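K.L.:
Need coordinates for the following:
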Amino acid sequence: MSDDDSNQDYDTGAEAGSALHALTHEDLSIYSVEDLTERLSYLGAETERTRAALEKKKSGRSAADSLFSFKGN
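P.N.:
This is a model prediction of the structure:
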């Protein structure tokens, strides 16, 4: 990967100035191998936390849809 690839502008849909925008546009070349390994660990944990929150919301919506569904009447 070239230095140009590391500074690629990824479209996350996040507004400039937001935490997500800052995270996805940060210059990673300044970090050591240990720092990057630790970052991956934290991001992996955050990914799992986000997935759990998403599943909880999906379950709640599914329950609400079932409760308020009048199919079959």
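K.L.:
Regarding this protein, what is its longest helix?
P.N.:
helix 33-67 (DSSP state H).
K.L.:
on contacts alone, who are the packing partners of that one?
P.N.:
Helix 33-67 sits against no helix or strand, with contacts defined as 3 or more Cβ pairs under 8 Å, 6 or more residues apart in numbering; DSSP states H and E. In short, each C-beta sits where N, CA and C put it, glycine included.
K.L.:
Quick check: mean pLDDT of that helix?
P.N.:
Averaging pLDDT along helix 33-67 yields 92.
K.L.:
And it, how far out from the chain middle?
P.N.:
Offset of helix 33-67 from its chain centre (Cα atoms, centre = their mean, to the nearest Å): 8 Å.
K.L.:
Geometrically speaking, which residue is the centre of the chain?
P.N.:
By Cα atoms, centre = their mean, the mean C-alpha position of the chain lies nearest to residue 47, the distance being 6.1 Å.
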